[in-house]
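[1] what follows is a predicted structure for the sequence shown.
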2 protein chains.
Amino acid sequence: MKIAVDAMGGDFAPLETVRGAIAAVSEHDDIHVVLVGNEKQIFEILEAEGERNNSRLSVHHASEVIEMDEHPGVALRKKKDSSIVVATSLVKNKVCDAVVAPGSTGAAVAAALFGLGRIKGIDRPTIATPIPTRKGITVMLDSGANANSKPKHLIQGAIMGTEYAKLLLGKDNPTVGLLNIGEESTKGNDVVLSTYPVLENMKSINFYGNVEGRDIPKGTVDVVVCDGFVGNVVLKFAEGLITQCVELIKDAIMSGGIFAKLGALMVKPALKKLAKRLDYTENGGAPLLGVNGVFLISHGSSKAKEIKTAITIGNDLVKRKIIEHIADRIGKEGANDNEYAE
Amino acid sequence: MKIAVDAMGGDFAPLETVRGAIAAVSEHDDIHVVLVGNEKQIFEILEAEGERNNSRLSVHHASEVIEMDEHPGVALRKKKDSSIVVATSLVKNKVCDAVVAPGSTGAAVAAALFGLGRIKGIDRPTIATPIPTRKGITVMLDSGANANSKPKHLIQGAIMGTEYAKLLLGKDNPTVGLLNIGEESTKGNDVVLSTYPVLENMKSINFYGNVEGRDIPKGTVDVVVCDGFVGNVVLKFAEGLITQCVELIKDAIMSGGIFAKLGALMVKPALKKLAKRLDYTENGGAPLLGVNGVFLISHGSSKAKEIKTAITIGNDLVKRKIIEHIADRIGKEGANDNEYAE
């Protein structure tokens, strides 16, 4: 399997992206990584790491880089030879099987959308984030690709989330909850009110009903469907809340005695670990589902370990045929039920 | 000051609502509470508590109760003699100065809206929730009154939030952030994109710009403005996340040694306290701003302590003339700038 990595993406590129690729190919015999970006810089790192002649690491030159603060659409049109655009084109042209994109989420989504196109029947791609719960993992989508979801986007999200959860969680019939402000079907904004009856009537979705914010960490359902604005706010809020919890506990404890200080030492790593797990990007990457190719979005702050994980997840999703599963399911739903609420 | 309490509202009514009223009047000489609900039940409790003849506790009979699971609009029309409707009418008729409403948020918002009407210039009321941050308190609004906000509702929220924060935080010029999925003014959904330039140009708002989910617990701004759907999901997510943190830490620790167990004992109360502080309702109540009267919403699980706090907050908001401040500010804004984005 060939994975294209945008080697110039993220805060620690290309050093950490190249190191992540090295780690991935040394751990997995079936992975070949194509590092996309400034070949001179990439070769220098490979040389320094003693991996210049590794046959499962190749380099594909790209002369430009899209920076974190650039407007995705504008940058994409202007920088046609940027590493993210070139990496994506390698999948489009079937040179590679998946893309790993650290850095700007906006640029990644735009590059994937324009470079790979959408799976037939999907209107908008969605970022699917595995969230740790006490029971295990809940997949939340959308986490920020689409900030103006209509019912049909949430419905397509439910289908994609179901297929992804089947692979990720190994469940035959994962439960799907619609994120809302109350459990009753009469609660919510106009978009979820229109979405509810459609999900309720879809045979291929194991619809649990509405779930509330508290149900996400509780792990009430396997898949939580929401608009990308809401999902993104929730994820970033979680990150901030846990960081502040760590600080508040530190404050409280530092005014305490010796046992309290020991408690602090004990608890801080647990909370920090939780914070890391909650950040999808720390898990390596979250798949952008709905585009016509396996596309992993990693955080701008990713280091070698996260890049390695993202490459591994990408490899896994290709092997498990996530795109084919989604296309198949959407095709069937489209045939059965082409009257999705707009 | 006379505060009307829906004595039948919430899971522990009327015992805890009556006890909360007793606590409020015994702590504050200037508070008179009118307990609204089943007079027989209320008198029995007052009798048992030895407060039957307290001149600052009176009872106003109401024969009906709106239950938690009733549809607010339907219940309101049907139960004209329900305690929440009667309590609200006491403020409308200037018999009382404020309402404390434990129980169904939906019924409370509907009762306030229909009973008190809106302040001139306000289209939708908003629930303003004080959230603890490491720096102090951030007021988040809307926390769930309006799940389909348009730009004008967010703009009115910014104005109401500013006036409330001035009173609550004692700041002359509180900062206001627009909750969004990125810091840049070009980010977000259609509603926040239209809201941003208006807030940016309002002289009476100390507009900080966009804030992200992580900025809420960080305390980046004094007031966070958002749609009620998003605010409600965030609050309930916080509640769930902290509960799960407590459990996860407990799990992690229970497999640890003696120091770890001591750490657990130390940290659990801190997290539980934080969870309580994050639940607006645990702070006694969150004001419903924008209706023509002081109206506090308390949680259905409120006990005497929370009811007492809500009564005290209600008293304080009346004394500080929150309604007049909002009406004044909205009036001026309306005169200066009646071109709010729809």
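    Thanks, I have it. Numbering: from 1, shown residues only, chains lettered A, B, ... in the order given.
[2] buried stuff in the helix or strand hosting A:Ile242?
    According to DSSP states H and E, A:Ile242 maps onto helix A:228-254. Judged by neighbour count (16 or more other Cβ atoms under 10 Å in any protein chain shown), helix A:228-254 contains these buried residues: A:228-246, A:248-249, A:252-253. Where C-beta positions appear, they are placed from N, C-alpha and C, glycine not excepted.
[3] list the contacts of the closest residue in space to A:Ile181 that isn't next to it in sequence.
    Distances taken as Cβ to Cβ, 6 or more residues apart in numbering or on different chains place B:Asn232 nearest to A:Ile181, at 4.2 Å, with adjacent residues excluded. Residues counted as contacts of B:Asn232 (Cβ atoms under 8 Å, 6 or more residues apart in numbering or on different chains) are A:Ile181, A:Gly213, B:Ser143, B:Gly144, B:Ala147.
[4] try 7 Å this time
    Contact partners of B:Asn232, counting by Cβ atoms under 7 Å, 6 or more residues apart in numbering or on different chains, are A:Ile181, B:Ser143, B:Gly144.
[5] can I get the residues you listed in a markdown table including secondary structure?
    Formatted as a markdown table, the contacts of B:Asn232 follow (DSSP: H, G, I helix; E, B strand; the rest coil):
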| residue | secondary structure |
| --- | --- |
| A:Ile181 | coil |
| B:Ser143 | coil |
| B:Gly144 | coil |
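[6] neighbouring contacts of stretch A:308-318?
    Surrounding stretch A:308-318, the residues in contact under the criterion Cβ under 7 Å, 6+ apart are A:1, A:3, A:5, A:20-21, A:23-24, A:28, A:31, A:33, A:97-98, A:100, A:283-285, A:287, A:294, A:296, A:298.
[7] again, but for stretch A:59-76
    A:8, A:34-37, A:39, A:42-43, A:79, A:81-86, A:90, A:103-104, A:106-107, A:110-111, A:114, A:300, B:186.
[8] mind checking if stretch A:137-156 is in reach of chain B?
    Yes. Under the criterion of Cβ under 7 Å from any Cβ of the partner chain, stretch A:137-156 makes contact with chain B via A:Gly144, A:Ala147, A:Asn148.
[9] write the ChimeraX selection for whichever of the residues you listed are buried.
    If you want just the buried ones from the residues of stretch A:137-156 next to chain B in ChimeraX, going by 16+ other Cβ under 10 Å, the selection is:
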select /A:144,147
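[10] can I get the residues of stretch A:137-156 next to chain B in JSON lines with distance to B:Arg52?
    Written out in JSON lines, the entries for the residues of stretch A:137-156 next to chain B read as follows (distance: Cβ to Cβ, whole Å):
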{"residue": "A:Gly144", "distance to B:Arg52": "59"}
{"residue": "A:Ala147", "distance to B:Arg52": "58"}
{"residue": "A:Asn148", "distance to B:Arg52": "59"}
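[11] want to throw the residues of stretch A:137-156 next to chain B into JSON lines with pLDDT?
    Putting these into JSON lines (pLDDT from 0 to 100) gives the following:
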{"residue": "A:Gly144", "pLDDT": "92"}
{"residue": "A:Ala147", "pLDDT": "94"}
{"residue": "A:Asn148", "pLDDT": "95"}
